[in-house]
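# Structure for this input, please:
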Amino acid sequence: MKPENNSKSIQEYKSIEDVIEKAKQALNVPFKKFDKHNRLLTKSKGNIGNIVEEGIFGYHINSDQRPDFPHLGLELKVTPYKYTKKKQISAKERLVLTMIDYMEDYKVPFRESNCMHKLNKILMLFYNHDFNVPKSDYYISKIYLYLFDQLPQKDRIIIENDYNTIINKIKTGHAEDISEGDTFYLGACTKGSTALKSLTTQAFSDKKAKKRAFSLKTSYMTQLLRSDIFNNSAITEQSLITNLDELSNHTIKEIIENRLKPYHGKTLSEIDTLHHDKINRSSKSYLRTYISRILKNTVDNAEDLDEFKKANIKIKTIRRNKNGTIRESMSFPCFKFSELIQQEWYESDIREQFANEKYLFCVFDEVDDSNHEYTFRKAFLWSMPEKILDNEVKEVWEDTKKKAIEGIQFNIFPTSTGSTKITNNLINKSDNMIVHIRPHSARAFHIINGVQYGNGSMSRDGDELPNGDVITKQCFWINNDFIVKVINDNLNDE
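So this is what the prediction gives:
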């Protein structure tokens, strides 16, 4: 919701500096001090932003599409950050800019668009989202003036390219196929379950499309927080792209894949002859090191490159056996059942992860595994299609939530070696559901009906269920046979 732009209180701010000074007066002051209309008593996702607009800046709320301070061309955004388990600063969510209008936005270039009007100047007010603190005690801790024209030129080009990617789908009559996986820094996000159920018309097709909004992606916002807002001097980013002319004709996807393409079909030994530093293949991550050295000779992990961080690109090296199969399914971080059951699907951690991460699949075919000799078959950038995410993956997530609430069923039986084996009724790989649930802990730990099983520990390996039982920490896995299908589909495109 936006201010009434004819409000006198808006016009009282004669400059951007005036707005910033007003914001500084609210630094470290709990939001409850500004809550004029008891918005903290509601569960509305935007209530904190409304409190700031009304209680700090003194204007009324409505849905004007122009910037919040139109005479200054300044947009105001109140947005949360959090601390990860590793105590790193991270954006809690994407920064939503403005709704996409499928009937109008394609008519104007990026620089004249509503999206650009929002992006051009943004006063970002950040607060720490801490689950252990009441929302009423949250407060603004950081103020940052985001100026689009002062961004690195590379970032500006990538954001404009992202915008054009979204607009081109509208122009070709495929707005229904727009996905957050299409772009890198600027996304086209859906806004919760209501938007997903509410379809709208598009200009060049009779098919209706999900309502979406332009947004700065969570990973992009995280890098902004770490490098610019919290001024982490330890961050010395290297870039994949040093020649900006590359971005004139190619997307990041094309640049990454083109950089790796000359090495397709070469064995690791052949690649060794092309680089001065021979890579130690006894290292657990030696295949990742090969990919990183090809992409940027000065780094051992390409995920540390600026573009990879901002676009949330993860490298997945995949070894195929001589028969074309792969050994392992793909794991994701462990989740807590206590958090999962409180979430709704469209704001769930796993959906956010799948929707926002891209995977650089690097496929290696076995030549002689005993000597760590493989042929680099192909690399391609992939993201989980939303149609699969919001159907098959959602089904597994909902099943997991339901069983956690109602009580997971355990089967306990002795093995031939005298130990105890415990199974459960969560979806497993044999259910053939694209993803499944299983532990990612080296040691098992259960407490069932007050009886402890396994040689793990609660602090490291256990997760308490709603009924008080404890299960070995679980995580989502993408089935290896689904990954094989993704690989084969991309190999068939050659």
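# contacts, neighbours, all on C-alpha from now
Fine.
# where in the protein is pLDDT low?
The model of the chain has pLDDT under 70 over residues 1-8, 61-64, 192-197, 232-236, 493-494.
# Show me how it divides into domains.
For the chain, the structural domains run 2-229, 246-383+481-491, 389-479, going by automatic domain parsing.
# In TSV: these, plus mean neighbour count and distance to Gln238.
Shown next, in TSV, are the domains of the chain (neighbours: other CA atoms under 10 Å; distance: least, CA to CA, whole Å):
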stretch	mean neighbour count	distance to Gln238
domain 2-229	17	13
domain 246-383+481-491	17	5
domain 389-479	16	31
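# Nearest to Leu240 among those domains would be which one?
domain 246-383+481-491 (6.2 Å; CA to CA).
# Distance check, the closest residue to Ile427 other than its chain neighbours against Trp382.
Distance criterion CA to CA, 6 or more residues apart in numbering; nearest residue to Ile427, sequence neighbours excluded, is His436 at 5.4 Å. From His436 over to Trp382 the distance is 20 Å, taken as CA to CA, to the nearest Å.
# and what of Thr42?
Distance of Thr42 to Trp382, given as CA to CA: 39 Å.
# Next: Gly173.
Counting by CA to CA - Gly173 and Trp382 are separated by 23 Å.
# Which stretches in the stretch 1-150 of the chain count as helices?
8-11, 16-24, 47-51, 114-119 (DSSP state H, counting those that start in this stretch).
# Dump the third one to PDB, restricted to CA.
In PDB, the C-alpha atoms belonging to helix 47-51 read as follows (Å, rounded to 0.1, in the frame of the first residue of the first chain):
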ATOM      1  CA  ASN A  47       1.900  -4.400   8.700                       C
ATOM      2  CA  ILE A  48       5.400  -3.300   9.700                       C
ATOM      3  CA  GLY A  49       5.700  -1.300   6.500                       C
ATOM      4  CA  ASN A  50       2.400   0.300   7.100                       C
ATOM      5  CA  ILE A  51       3.400   1.200  10.700                       C
END
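# which residues are in contact with that helix?
Residues outside helix 47-51 that contact it (CA atoms under 8 Å, 6 or more residues apart in numbering): 1, 31, 34-36, 39-40, 61, 77-79.
# Recalculate using a threshold of 6 Å.
Residues outside helix 47-51 that contact it (CA atoms under 6 Å, 6 or more residues apart in numbering): 35, 39, 78.
# The shortest one now?
Residues from elsewhere that reach helix 8-11, judged by CA under 6 Å, 6+ apart: none at all.
# quick one: secondary structure of Pro333?
Here Pro333 is strand, with the state taken from DSSP: H, G, I helix; E, B strand; the rest coil.
# State the helix or strand in which the nearest residue to it once chain neighbours are set aside lies.
Leaving out its chain neighbours, the residue that sits closest to Pro333 by CA to CA, 6+ apart is Cys475, at 5.9 Å. Using DSSP states H and E, the element containing Cys475 is strand 474-478.
# which strands and helices sit next to the strand or helix carrying Gln452?
Using DSSP H and E, Gln452 maps to strand 451-453. Applying 3 or more CA pairs under 6 Å, 6 or more residues apart in numbering; DSSP states H and E, we find strand 451-453 packed against no helix or strand.
# now what about that strand, what contacts it?
Here strand 451-453 makes contact (CA under 6 Å, 6+ apart) with 445-446.
# Check which element follows that strand along the chain.
helix 458-461.
# As CSV, could you dump the C-alpha coordinates of that next one?
What follows is helix 458-461, C-alpha atoms only, in CSV (Å, rounded to 0.1, in the frame of the first residue of the first chain):
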residue,chain,number,x,y,z
MET,A,458,20.3,-34.7,20.6
SER,A,459,22.2,-31.4,20.0
ARG,A,460,23.9,-32.6,16.8
ASP,A,461,21.6,-35.3,15.3
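# Which residues does it contact?
Contacts to helix 458-461, defined as CA under 6 Å, 6+ apart, come from residues 472-473.
# Tell me which of the contacts of helix 47-51 fall in strands.
Among the contacts of helix 47-51, the ones falling in strands (DSSP state E) are Val78.
# mind putting the contacts of helix 47-51 in a markdown table, distance to Ile448 included?
Below are these laid out as a markdown table (distance: CA to CA, whole Å):
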| residue | distance to Ile448 |
| --- | --- |
| Asp35 | 46 |
| Arg39 | 42 |
| Val78 | 44 |
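# how far does whatever helix or strand Thr375 lives in sit from the chain's center?
If you go by DSSP H and E, Thr375 is part of strand 373-382. The chain centre lies 24 Å from the centre of strand 373-382; the measure is CA atoms, centre = their mean, to the nearest Å.
# Does anything pack onto the helix or strand that comes right after it? Which helices or strands?
Later in the chain than strand 373-382, the nearest helix or strand by DSSP H and E is helix 386-388. Where contact means 3+ CA pairs under 6 Å, 6+ apart, helix 386-388 is not packed against any helix or strand.
# relative orientation of the helix or strand following helix 386-388 and strand 474-478 in degrees?
Downstream of helix 386-388, the next assigned helix or strand under DSSP H and E is helix 394-406. Computed by axes from the mean of the first three to the mean of the last three CA atoms, to 10 degrees, the angle separating helix 394-406 from strand 474-478 equals 160 degrees.
# What is helix 394-406 packed up against?
Checked by 3+ CA pairs under 6 Å, 6+ apart, helix 394-406 has no helix or strand packed alongside it.
# what about that helix, distance to the chain center?
Put simply, helix 394-406 sits 22 Å off its chain's centre (CA atoms, centre = their mean).
# With stretch 122-131 instead?
Distance, stretch centre to chain centre, for stretch 122-131: 18 Å (CA atoms, centre = their mean).
# and what of stretch 43-63?
Remark: stretch 43-63 is offset 26 Å from the chain centroid, using CA atoms, centre = their mean.
# distance of Ile166 from Lys310?
The gap separating Ile166 from Lys310 is 18 Å, by CA to CA.
# ignore the last one, Asn480
Look at Asn480 and Lys310: by CA to CA, they are 28 Å apart.
# what does Ile10 give?
Taken as CA to CA, the span from Ile10 to Lys310 is 34 Å.
# just to revisit the earlier point, and the helices of the stretch 1-150 of the chain as JSON lines, adding distance to Glu328?
Compiled in JSON lines, the helices of the stretch 1-150 of the chain are given as follows (distance: least, CA to CA, whole Å):
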{"stretch": "helix 8-11", "distance to Glu328": "58"}
{"stretch": "helix 16-24", "distance to Glu328": "51"}
{"stretch": "helix 47-51", "distance to Glu328": "44"}
{"stretch": "helix 114-119", "distance to Glu328": "42"}
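# Need the nearest residue in space to Gly55, chain neighbours excluded.
Phe34 (4.5 Å).
# For the one you found, grab phi and psi.
With angles defined as degrees, to the nearest 10, Phe34 sits at phi -110, psi 0.
# which ones are touching Phe410?
By CA under 6 Å, 6+ apart, Phe410 lies in contact with 423-424.
# Let's see that with 10 Å instead.
The contact partners of Phe410, by CA atoms under 10 Å, 6 or more residues apart in numbering, come to 422-426, 448, 471.
# can you check Ile350 too?
332-333, 335, 340, 356, 389, 393-394, 397, 475-476.
# Brilliant, that's me finished.
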